[in-house]
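Student: give me a 3D structure for the following:
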Amino acid sequence: MKTFAVLSLLSVFASIPAVLSAPATQAAQAAQAFAVAPIASIAGLEASNGDSRLFYQKSDGSIWTSCVSGHWDSGGKTTCDFQVVPRTEALLNTALAAAGDPDLNEWHLYFFSPTSTVSEYIFQSSSISSTNPSGIRGGASCTDCITAEAFNAVVAKNRALWAMFENDNGVNKLRVWFASAGQPNTITEAGKRGTDVWKQIGMPNSTGA
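Tutor: Residues are numbered from 1 along each chain as shown. This next block holds a predicted model:
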């Protein structure tokens, strides 16, 4: 019994440094972390080199993006943090979805407006045309954004929103899935290929073939 008591005390003393160091380590990590305060869902994109973009909404309703260079566990750092969408254009606690190319030379951010319209902001690293300039664009002046189509979604009890960017035989194609107010009993896809207009269709039934 004495031997057991001594071993028990030794094990307790041995664990003390680990217990004491845990709060210190957590505090150090917290001090090094980049402070953001998302209030709803977040969306993200990762480039082929590991760089990423994080999208989140602040408590005032504005939507921001953060740039992170590389994976966090490999020393990636936050290199930018700025507003993309003004607070007046986004529904508070909106769902978020993002899609882009493998190098993040182009990305698309989707969200719901205060009137439940599916909305979009676009980033392009280079200019394609006079109506598709480089940089970030969106809002009422973006004529090729899905916003201009005024697709209404069911958002009161449904936060469904998803997006995909794909290369369709050398032409960029976008697909956005949401619960449409016009077809609330299914999932609706809004799709656009290249410079074509947006097309909206509900989830099709199986042909049985």
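
Student: give the contact list for T94.
Tutor: T94 makes contact with A40, S41, Q57, I63, F111, F112, V155 under the criterion CB atoms under 8 Å, 6 or more residues apart in numbering. Yep, even glycine has a C-beta here, placed from its N, CA and C like the rest.

Student: would you turn those residues into a markdown table with neighbour count, distance to F165 and secondary structure?
Tutor: Shown next, in a markdown table, are the contacts of T94 (neighbours: other CB atoms under 10 Å; distance: CB to CB, whole Å; DSSP: H, G, I helix; E, B strand; the rest coil):
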| residue | neighbour count | distance to F165 | secondary structure |
| --- | --- | --- | --- |
| A40 | 18 | 22 | coil |
| S41 | 16 | 19 | coil |
| Q57 | 26 | 21 | strand |
| I63 | 25 | 18 | strand |
| F111 | 28 | 16 | strand |
| F112 | 23 | 19 | strand |
| V155 | 23 | 23 | coil |
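
Student: of these, closest to G135?
Tutor: Set against G135, the nearest of those by CB to CB is I63 (16.4 Å).

Student: in the sheet, who's paired with that closest one?
Tutor: Q57, V85 (DSSP bridges).

Student: for G194, see how far away it is.
Tutor: 26 Å (CB to CB, to the nearest Å).

Student: what's the answer for L161, then?
Tutor: Separation of L161 from G194 (CB to CB): 23 Å.

Student: these two: who's more crowded?
Tutor: L161 (21 against 10; other CB atoms under 10 Å).

Student: so what's that one closest to, chain neighbours aside?
Tutor: A95 (4.0 Å; CB to CB, 6 or more residues apart in numbering).

Student: how many neighbours does L91 have?
Tutor: Using other CB under 10 Å: L91 sits among 19 other residues.

Student: can you pull the contacts of it?
Tutor: G61, F111, F112, S113, P114, S116, V155.

Student: partner residues bridging the residue minimising distance to the centre of the chain?
Tutor: Relative to the mean C-alpha position of the chain, the nearest C-alpha, by CA atoms, centre = their mean, is the one of A43, at 1.4 Å. Beta-bridge pairing for A43 (DSSP bridges): F55.

Student: hmm, it is touching S52, no?
Tutor: No. Counting by CB atoms under 8 Å, A43 does not reach S52; the two are 10.9 Å apart.

Student: hey, what's A97 bridged with?
Tutor: Y110.
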